[in-house]
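Student: Need a 3D model of the sequence below.
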Amino acid sequence: MTTALSRVDVAPVASAKRRRRAPGWLAVLPLLVFTAVAFGLPAVAILDGAFTAKDATTGATSYTGANMTASLQGPYLTALLGSVKLSAISAALGALIGLPLAQAVVSSRSRWLREAVLTASGVLANFGGVPLAFAFVATLGNAGVLTVHLGLKDSGWDLYSFWGLVLVYLYFLIPLMVLTITPALDGLRSQWREAALNNGATGVQYWRHVALPVLAPSLLGGLVLLFGSAFAAYATAAAMVGSAVPLVTLQIADALSGNVLVGQENVALALSLDMVLVAGLVMAVYLPLQRRSARWLDA
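Tutor: Have a look, this model is predicted:
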């Protein structure tokens, strides 16, 4: 009798557990659908177009690797290498400047200063595009306020050049580095510094042998993040330098719009696939570094 009652009681409980789990799977479904539509369909379209060629006379399409080959030759290769160079230099400078600024904020005893800097960094890290280009043109352009008052043009200053673009990119990369590295700096234990100083180490030795090795994964992860942000930037460079500085994003826009050659849309998709591959390599480096940094700082 007891066994029969137990079976009767267990069945409703099991069915009730199944009913409680169902809404959890249903809640994830809209996210999966959104991810498939927003990321999956464009990725498939890029992959298909990058390997598709269209005959100009018959209109027939066929799969080929000519687009990928063309994207790695001539001006397209120059633009791709130019974007990599610009992103690498901008990211390195942003990391070198952002790290001491973040350390100054973390070591400051003023809470309002910390909150103000982090809030401003969050705003400036997302400030880009045409407004940022206009701000720099009005300030440091050929007829900009500081250019005229400081006589920068006489000394050879040119905002519409490679190094001018690096300066503009640093405007949003430095705040991004501050936001990225601040949590890692907060994770440094004060006991580590005290132990190093008690054993006769100087401040420089502490940073060289203790702090920087611990921060290395976060620093490299932040550097990779800055690289990806600069590599994908388009509107700022398009509004400020145009075709004066060869960049892959500008080449993609020209190929899609037909400004230089007509019928290069699939080459633009091949260039986009090149960018996706570079971004994939960047993320492949970034994610393991972030996990390793989390293990060190959460220990």
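
Student: low-scoring stretches of the protein, by residue?
Tutor: 1-25, 55-60, 258-263, 289-290, 292-299 (pLDDT under 70).

Student: which residues in it form strands?
Tutor: 52-54, 61-63 (DSSP state E).

Student: and those, which is most packed in?
Tutor: Mean neighbour count (mean count of other CB atoms under 10 Å) peaks for strand 52-54 among the strands of the chain, with a mean of 15. All C-beta spots, glycine's among them, are computed from the backbone N, C-alpha and C.

Student: packing partners for that one?
Tutor: strand 61-63, helix 66-71, helix 265-298 (3 or more CB pairs under 8 Å, 6 or more residues apart in numbering; DSSP states H and E).

Student: rewinding a little: out of the strands of the chain, the one nearest residue 131 is which?
Tutor: Residue 131 lies closest to strand 52-54 among the strands of the chain, at 37.0 Å (CB to CB).

Student: Where do the domain boundaries of the protein fall?
Tutor: Here the domain assignment for the chain is 12-63, 70-297, based on automatic domain parsing.

Student: Can you tell me which of these is most buried?
Tutor: domain 70-297 (a mean of 17).

Student: from the middle of its chain, how far away would it be?
Tutor: Offset of domain 70-297 from its chain centre (CA atoms, centre = their mean, to the nearest Å): 8 Å.

Student: Pretty sure residue 226 sits against residue 95.
Tutor: Yes - the pair residue 226 and residue 95 passes the contact test of CB atoms under 8 Å, sitting 6.3 Å apart.

Student: Would you mind listing the residues touching both of these two?
Tutor: residue 177 (CB atoms under 8 Å, 6 or more residues apart in numbering).

Student: residue ranges of the helices in the stretch 101-250 of the chain, please?
Tutor: Listed in chain order, the helices of the stretch 101-250 of the chain (DSSP state H, counting those that start in this stretch) span 111-124, 130-140, 145-150, 162-186, 190-198, 203-206, 212-232, 235-240, 248-257.

Student: So which of those is nearest residue 45?
Tutor: Comparing these by CB to CB, helix 248-257 comes nearest, at 12.9 Å.

Student: out of everything not next to it in sequence, what's closest to residue 243?
Tutor: residue 250 (6.4 Å; CB to CB, 6 or more residues apart in numbering).

Student: dump the residue contacts of the one you found.
Tutor: By CB under 8 Å, 6+ apart, residue 250 lies in contact with 79, 234, 237, 238, 242, 243.

Student: State the distance from it to residue 199.
Tutor: 54 Å (CB to CB, to the nearest Å).

Student: send the alpha carbons of stretch 122-139 over as CSV?
Tutor: Written as CSV, here are the backbone C-alpha positions of stretch 122-139 (Å, rounded to 0.1, in the frame of the first residue of the first chain):
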residue,chain,number,x,y,z
GLY,A,122,32.4,55.3,-20.4
VAL,A,123,31.1,58.3,-22.4
LEU,A,124,34.3,59.1,-24.3
ALA,A,125,35.0,55.4,-25.1
ASN,A,126,31.7,55.4,-27.1
PHE,A,127,32.2,58.9,-28.7
GLY,A,128,33.3,58.5,-32.3
GLY,A,129,32.1,58.8,-35.9
VAL,A,130,31.4,62.1,-37.6
PRO,A,131,31.0,64.2,-34.4
LEU,A,132,34.5,63.2,-33.2
ALA,A,133,36.0,63.9,-36.7
PHE,A,134,34.3,67.4,-36.7
ALA,A,135,35.6,68.2,-33.2
PHE,A,136,39.2,67.4,-34.2
VAL,A,137,38.9,69.3,-37.5
ALA,A,138,37.6,72.3,-35.7
THR,A,139,40.4,72.1,-33.2
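
Student: Right, I'll leave it there.
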